[in-house]
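**Q** Attaching a predicted model along with its sequence, questions to come.
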Amino acid sequence: MQEAILLSAIALFIFHTVLLLKKRFIVTERFTHTVVTVIASGAGFTSSLSLVLIFKGDMLWSLGLFLLAGYICGAVSGYASTAVSGAINGSIGSVMGFMLGEVLLNPELCGLPIQEWQLVLPIGSMIYFLFVSLIILLSYR
């Protein structure tokens, strides 16, 4: 299940990056900045959470991976500020997903009784990312 969540989050991230590349001449910098911020942080959070739950190990390298992915998503828009924003928000989303994944693997880190949430939270984060992706897709019209 985690693999399907990871692959769908990566596919949505690539879809929005390609769509942003196609529409980069007809959108403003503010709109592009908002889209890159939401997509980079959502993809970083969902994918990093899934990666931690799949590999159950030290996944701090995912921070660099989603920092680079957020930078690329912002760079295709043609604005330098969105590239920096994508890198920052991709890394912040990755760190949030990493921390939540570690808490799900070892709930005693925070003293939380969340044994049954190991499947619910990744699915919830993917539903959130799908909802945000749909809203962004509708806002291009």
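**A** Perfect, thanks for sending it.
**Q** Can you tell me the element the residue nearest to the spatial centre of the chain falls in?
**A** Residue closest to the mean C-alpha point of the chain, counted by CA atoms, centre = their mean, is residue 43 at 1.5 Å. Using DSSP states H and E, residue 43 falls within helix 29-55.
**Q** Next secondary structure after that helix?
**A** helix 61-75.
**Q** List the buried residues of that following helix.
**A** Neighbour counts over helix 61-75 (16 or more other CB atoms under 10 Å) mark 62, 63, 65, 66, 67, 69, 70, 71, 72, 73, 74, 75 as buried. Just so you know, the C-beta spots here come from the backbone N, C-alpha and C atoms, and that holds for glycine as well.
**Q** Name the residues that touch it?
**A** Helix 61-75 is contacted from outside by 13, 16-17, 20, 36, 39-41, 43-44, 47-48, 51-52, 82-91, 93-95, 97-98, using CB atoms under 8 Å, 6 or more residues apart in numbering.
**Q** which one of the buried residues of helix 61-75 sits closest to residue 31?
**A** Nearest to residue 31 among these, counting by CB to CB, is residue 74 at 12.9 Å.
**Q** got a list of what the residue lying closest to the closest one once chain neighbours are set aside touches?
**A** Distances taken as CB to CB, 6 or more residues apart in numbering put residue 86 closest to residue 74, at 3.0 Å, once the chain neighbours are dropped. Contact analysis of residue 86 by CB under 8 Å, 6+ apart lists 36, 37, 40, 70, 71, 72, 73, 74, 75.
**Q** Let me see the mean pLDDT of the helix or strand containing residue 86.
**A** Assigned by DSSP H and E, residue 86 belongs to helix 80-105. For helix 80-105, mean pLDDT rounds to 89.
**Q** just checking, next helix/strand downstream of it?
**A** helix 120-139.
**Q** now the angle from that following helix to helix 80-105?
**A** Put simply, helix 120-139 runs at 160 degrees to helix 80-105, going by axes from the mean of the first three to the mean of the last three CA atoms, to 10 degrees.
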